[in-house]
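> let me see the structure of the following:
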Amino acid sequence: MTQLTSPTGSVEFGAGLPTLLINDQLRILDQDERVLEGLKQGRIQPLLELAEQGKRIGIDTVDILVDHPDLDEVALLPRIAAEVLGELDCFISLDSRNPAALRAALQAIQPCKALINSVNADPELLTKVLPLAAEFGAAVVGIPIGPTHGVPHTVDGRLAEARAILQAARAYGIPDDDVVIDAICLASAVEADSMRVTLETLAALVNEVGVTTILGIGNAGHGMPTPRYIDLAYLLAAVPWGLHAALVDPSTPGLIEASLAIDFLSNRDPDGKRYIRSYRQKKKERQAAAQNRP
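Okay, the predicted model is just below:
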């Protein structure tokens, strides 16, 4: 089980717990030029609005990526993380491999516990990022890509690189619960049969290695028409195999309802309490909206 914290609470994800959805839209490379131009001038409100859009539908964890050659990541990452945390009370994922930017952001949001996204099995990168995770008590995403197997196309290759990351983390005193392993979601349009390998990797990571898992679901439909439907199908397929957290686009049609449904069907929502609570809340909102119509 892995935990993140905010000023008013915490969220836990892992075996047997509801799937954690992480808003992946606070990534400057995915946004139009106007957002970039605003950030160059220090305007972060458009990114805060993207976080708020996710929060409004129930996604209260955000992944922040502002690595761009025209931006000062060391200045922007801590500012955006602190604003998202303070204004929206969201849980934070810091999508950076820049040690200076990570240190500044982790200091800015203390004492809250964040997720660092990410490291791979490259020893040089591990020695730069893992000490920060240990110092600030952060959790860290490990992508099982490394010098031995490159991007592994087999379950065994991914497990080997994952174990190398875990071993390195233990050497810094980071508990296994704070290492979240990415099973690697590749674009099926260019990697035929890649989903099968990823699903089998998820099962092995849970049953053999015993770690919390994550996927960047947005890769699944890349290169295909209406990719968000493919992303959603991938998410629903992956949860029963052991997926614990997923980076998602909050605008995906039916995302929240489908995620609640698969958690119920996978016994991560015993008796469907979260599913029913969400249904009742939405019904109440619809009734209130109808009463307020002229």
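
> neighbouring contacts of the lengthiest strand in the chain?
Ranked by number of residues, the top strand in the chain under DSSP state E is strand 20-27. For strand 20-27, contacts defined as C-beta atoms under 8 Å, 6 or more residues apart in numbering pick out 11, 13, 30-31, 47, 50-51, 53-54, 58-59, 61-65, 80, 84, 93, 95, 216, 218, 244-251, 255-256, 259. For every residue, glycine as well, the C-beta is placed using N, CA and C.

> and the helices in the protein, which stretches?
Assigned by DSSP state H, the chain shows helices spanning 33-40, 45-57, 73-88, 99-108, 123-136, 155-171, 194-204, 227-238, 255-265, 273-292.

> tilt between the longest one and helix 255-265?
Inter-element angle recorded for helix 273-292 and helix 255-265: 150 degrees (by axes from the mean of the first three to the mean of the last three C-alpha atoms, to 10 degrees).

> can you list contacts of helix 273-292?
18, 58, 256-257, 260-261, 263-264, 269.

> if we go to 7 Å?
18, 260-261, 263-264, 269 (C-beta atoms under 7 Å, 6 or more residues apart in numbering).

> helices and strands around the helix or strand bottoming out on mean pLDDT in the chain, which ones?
Ranking every helix and strand in the chain by mean pLDDT, DSSP states H and E puts helix 33-40 at the bottom, with a mean of 80. Helices and strands touching helix 33-40, by 3 or more C-beta pairs under 7 Å, 6 or more residues apart in numbering; DSSP states H and E: there are none.

> Leu76 against Val66, yeah?
Yes: counting by C-beta atoms under 7 Å, Leu76 touches Val66, with 4.8 Å between them.

> and for those two, which residues touch both?
Leu39.

> who's more crowded, the two?
Remark: of Leu76 and Val66, Val66 carries more neighbours, 28 against 23, as counted by other C-beta atoms under 10 Å.

> and the more buried one, what does it touch?
28, 39, 73, 76-77, 80.

> now, which of the residues you listed sits nearest Ala192?
Ile28 (31.3 Å; C-beta to C-beta).

> that older thread, save the contacts of helix 273-292 as a markdown table, and put in distance to Pro144 and neighbour count too.
Listed next are those as a markdown table, based on distance: C-beta to C-beta, whole Å; neighbours: other C-beta atoms under 10 Å:
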| residue | distance to Pro144 | neighbour count |
| --- | --- | --- |
| Pro18 | 24 | 19 |
| Leu260 | 29 | 22 |
| Ala261 | 29 | 16 |
| Asp263 | 25 | 19 |
| Phe264 | 30 | 18 |
| Asp269 | 29 | 22 |
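
> and the furthest pair within those?
Farthest pair in the contacts of helix 273-292, by C-beta to C-beta: Pro18 and Ala261, 11.7 Å.

> hang on, the earlier thing: paired strands for the longest strand of the chain, with orientation please.
strand 61-65 (parallel), strand 245-248 (parallel) (DSSP bridges).

> check the offset of the last one from the chain's centre.
What it means is strand 245-248. The chain centre lies 5 Å from the centre of strand 245-248; the measure is C-alpha atoms, centre = their mean, to the nearest Å.

> what residues does it touch?
Against strand 245-248 from outside (C-beta under 7 Å, 6+ apart): 13, 19-22, 24, 63, 180, 214-218, 235, 255.

> nearest to Gly157, of these?
Taking the contacts of strand 245-248 together and measuring to Gly157 by C-beta to C-beta, the closest member is Leu215, at 16.9 Å.

> just for the stretch 51-200 of the chain, where's the confidence low?
By pLDDT under 70, the stretch 51-200 of the chain contains no weakly predicted segment.
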